[in-house]
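[1] my questions are about this predicted structure, shown below with the sequence.
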Amino acid sequence: MALLQIAEPGESTAPHEHRLAVGIDLGTTNSLVATVKSGASEVLLNQDGAKLTPSVVRYFSDGSVTVGSRPKAEQADDPANIIVSVKRFMGRGMADVARYGALPYKFVEAPGMVQIETVAGLKSPVDVSADILRTLRIQAEAALAGPLVGAVITVPAYFDDAQRQATKDAARLAGLNVLRLLNEPTAAAIAYGLDNASEGTFAVFDLGGGTFDISILKLTRGVFEVLSTNGDSALGGDDFDQAIAAHWRKMHGLASANHKDLRRMLMAARAAKEDLTTVEEASAEIQLSYGQTLNVKLSRGEFHNMTAHLVERTLSPVKKALRDAKLSAGDITGVVMVGGATRMLHVQAAVHRFFGKPLLNNVDPDKVVALGAAIQANLLAGNKSVDDMLLLDVIPLSLGIETMGGLVEKLVPRNSTIPVARAQEFTTFKDGQTAMTMHVVQGERELVKDCRSLAQFTLRGIPAMVAGAARIRVTFQVDADGLLSVVAQELTSGVVAQVDVKPSYGLTDAEIATMLQASFTYAKDDAAARVLAEARTDAQRLIEAVRAAMAADADLLSAADRALILQEIERLYHCQLGADATTIKASIEKLSTATETFAAKRMDKSVAKALTGKSLNEIAKIDPQLVKTEQ
Amino acid sequence: MSPDFSTSHFALFGQPVSFDIDEAALDQTYRDIQREVHPDRFANAPGAEKRIAAQWALQVNEAYQTLKSPLARGRYLLKQHGIDTEEETNTAMPVAFLMQQMDWREAVVAARAARDELALEQLAKDKRAEERALFELLSAQLSNRATIRDARETVRKLRFLQKLGEEIDLASEAIES
């Protein structure tokens, strides 16, 4: 019954089995999709033949949507319905959005995150991001001529749980299978690490359109270990544009400008900023409303002076990240420059001055994140051996719980390697107390009011006892995507109550399913066919993986287990020939359950192998040069 | 079925049960095991394998962090011997030690107020020197059955120094921003 080819998991698959996977850099200003083709990572062209797709979405009253360069060009015509830089609003409330200054949108308060009132109805930042991602998915599937197995989506390292959850929800809404959320600086380092085969401790300085991230990474023979990360989620290239526009308004006595004029001035400011990396003086002619024309100019010196404070602001997170990694600037081997804003000459000069080390900027700073994400996607999709590269990432912000007096008890400190789980016991405050409200927060400050609130939930059914007698264990678990789940259990008297929470910004799986169904209906995509195709692929992949495992580790299987697994494989194989996705999924779950004991034994064996030395195969792979030095 | 994590952290990393560990070997073994169990290896694997991998990766991270930090390692060794460090309950510390702590804390507050980075750097140096001495003491105490219970106080002293270190860091951050 040779149903499918057998391949060791992790070994590279035959060319015809190449699984289509992409890396997506969902940027504040522009988004990119990249994929690995014949071993090299490359950016895919969009329908306009461009590599960068502007992260701009326009909504029309008939419900139709446009994404990319067209709505970007139309910005000034319909500012209220053309959403730009939506990434800044992900997982953010009214108070956060207000800090961005005058924006042409009608924001509406909603549970968890703001929504925007458009002619096509209320849109949450998740909806808008999903529209961008859907366009990118359709373009990628067209370019690669087939459906995607999955995608790696990048997020700023400094994104908190709410922002990560929102990003993942948007990707799922767009019909993407998220292989992993990857931190942008880490993605950039992957792109450099593999191209340059670097070893050492690197800083990744990522100044994007709207956010600044700094990460310290250690590279050791294919292992990327993130030591620390820090940043400023409200500092980016846009702030430099704003500074220029503000300067011009002041110079020309235009204290208050309407949204259209403001938008035009910002576009001219951005162009001037870009020009000043190559010329000493930039000038522009800005057409204002009512026929007025503004002639503006700016010298490089003026620009550097008026934005020196912005450049300076990047250094404080840099120092914090170094301190967390217990390193000083001198310990850094090199600095990877990421994000279009690092093209600015005074930014480069400041970074070079601070570290005194060469800047790595030979990969296009706008593309390096997508290129790295594609490499990771290719690996996770199973096209490349995982032995070549391993990524050990950290959580960027501490997670804690509110205790008496509005204080935060930190359970998971920032820069803990993920996945991570931490438990702590709490107790009741009053006699006979049967319920307890938990407030989960993220941040570094000691007071709850200074941290970001992630979720609030109540644990009920605590047996009535005197104050301080109940033992409630709260467990925080952060998965490899950096996403949090919280479990609370009452441990005394055998009664166990348990609550799982999702952050208040997150959508439930059921909500995602409903929205996905609705969006497919609208897009006239055949949802049912897609679901069936996916279930079949999952079934085939599972059978392939299980058979490979059985071939590799036959000795770990009892005769009974072997018979049971074979029977479930047989059942699933026949089931996936049919057309009922629900039964296929149930069958997948049954086979998966049947392999639990076997899988655990296999894992024990792998760990034992890692401990007791290398197999012959691995020794052969070690560089002879290295073996010599070790002897 | 859950994997069996009852073995000690030392056994997990193939290290002898001792305060003095081979840090390079610990780091290398950590990476070797993560290569086997990290969830990224199982992105396409059946659900059962994914769950087991996640549990393993959690456990390995926890064990590594415990052994990597000398303070956590000392505390863990005592726990393995069934000795509670009483860090939350026992506040009886030698007077001279407490006086020294108070002096240092006051110096941090003063340096922060005066925005004196050099003073903070000196304090961090002094703290590190004291820590080094205490870690040496801890190592000696933990390797001898007769003195192992004395290690509790050394752990508590190191906890004070850890908090002092956090305050120095906070003060440095406050001066920078």
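    Received it, and whenever you're ready, just let me know what you need.
[2] quick one: B:Ala57 from A:Ile418, how far?
    Taking CB to CB, to the nearest Å as the measure, B:Ala57 and A:Ile418 are separated by 8 Å. The way it works is simple: take the backbone N, C-alpha and C, and place the C-beta from them, glycine included.
[3] er, A:Leu360 actually
    Taken as CB to CB, the span from A:Leu360 to A:Ile418 is 26 Å.
[4] if we can go back for a sec, who has more neighbours, B:Ala57 and A:Ile418?
    Neighbours per residue (other CB atoms under 10 Å in any protein chain shown) separate B:Ala57 from A:Ile418, with B:Ala57 holding more: 27 against 22.
[5] for A:Ile375, give me the pLDDT.
    A:Ile375 is assigned 93 on the pLDDT scale.
[6] and if you look at A:Gln498?
    With respect to pLDDT, A:Gln498 scores 57.
[7] please name the nearest non-neighbouring residue to A:Arg343.
    Sequence neighbours aside, A:Thr277 is the residue nearest to A:Arg343 in space, at 5.1 Å (criterion: CB to CB, 6 or more residues apart in numbering or on different chains).
[8] sec struct for that neighbour, please.
    Judged by DSSP: H, G, I helix; E, B strand; the rest coil, the three-state class of A:Thr277 is coil.
[9] give the contact list for it.
    By CB atoms under 8 Å, 6 or more residues apart in numbering or on different chains, the contact set of A:Thr277 is A:343-345.
[10] name the nearest of the residues you listed relative to chain B.
    For those, the residue nearest chain B by CB to the nearest CB is A:Met344; the value is 22.1 Å.
[11] ok, and what's touching stretch A:324-334?
    A:198-203, A:216, A:227-228, A:230, A:322, A:354-360, A:414-415.
[12] got the CA positions of it in CSV?
    Written as CSV, here are the backbone C-alpha positions of stretch A:324-334 (Å, rounded to 0.1, in the frame of the first residue of the first chain):
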residue,chain,number,x,y,z
ASP,A,324,19.2,43.7,28.7
ALA,A,325,21.6,41.6,26.6
LYS,A,326,24.3,42.4,29.2
LEU,A,327,26.5,43.8,26.4
SER,A,328,28.1,47.1,25.5
ALA,A,329,28.3,48.8,22.1
GLY,A,330,31.9,47.4,21.7
ASP,A,331,30.7,43.8,21.8
ILE,A,332,28.7,44.2,18.6
THR,A,333,30.2,42.6,15.5
GLY,A,334,28.1,44.6,13.0
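[13] show the average pLDDT along that stretch.
    92.
[14] care to break chain B down by domain?
    Here the domain assignment for chain B is B:9-68, B:95-176, based on automatic domain parsing.
[15] let's have those domains in CSV, adding mean pLDDT.
    Listed next are the domains of chain B as CSV, based on pLDDT from 0 to 100:
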stretch, mean pLDDT
domain B:9-68, 88
domain B:95-176, 93
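[16] of these, which is nearest chain A?
    The nearest among these, by CB to the nearest CB, is domain B:9-68 at 3.9 Å.
[17] can you spell out which helices and strands pack onto the helix or strand that contains B:Val155?
    Taking DSSP states H and E as the criterion, B:Val155 maps to helix B:151-176. If contacts are counted by 3 or more CB pairs under 8 Å, 6 or more residues apart in numbering or on different chains; DSSP states H and E, helix B:151-176 sits against helix A:308-324, helix B:70-80, helix B:95-113, helix B:117-142.
[18] pull out the buried residues from it.
    Residues B:151-158, B:160-161, B:164, B:167-168, B:171-173 are the ones in helix B:151-176 that count as buried (16 or more other CB atoms under 10 Å in any protein chain shown).
[19] low pLDDT regions in the stretch 151-300 of chain A?
    For the stretch 151-300 of chain A, the stretches with pLDDT under 70 are A:194-198, A:255-257.
[20] up against chain B, what does it have?
    Applying CB under 8 Å from any CB of the partner chain, we find that the stretch 151-300 of chain A lies next to chain B at A:179-180, A:220, A:223, A:225.
[21] mind giving me the ChimeraX select for those residues, buried ones only?
    Buried subset of those, written as a ChimeraX selection, criterion 16+ other CB under 10 Å:
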select /A:179,180,223,225
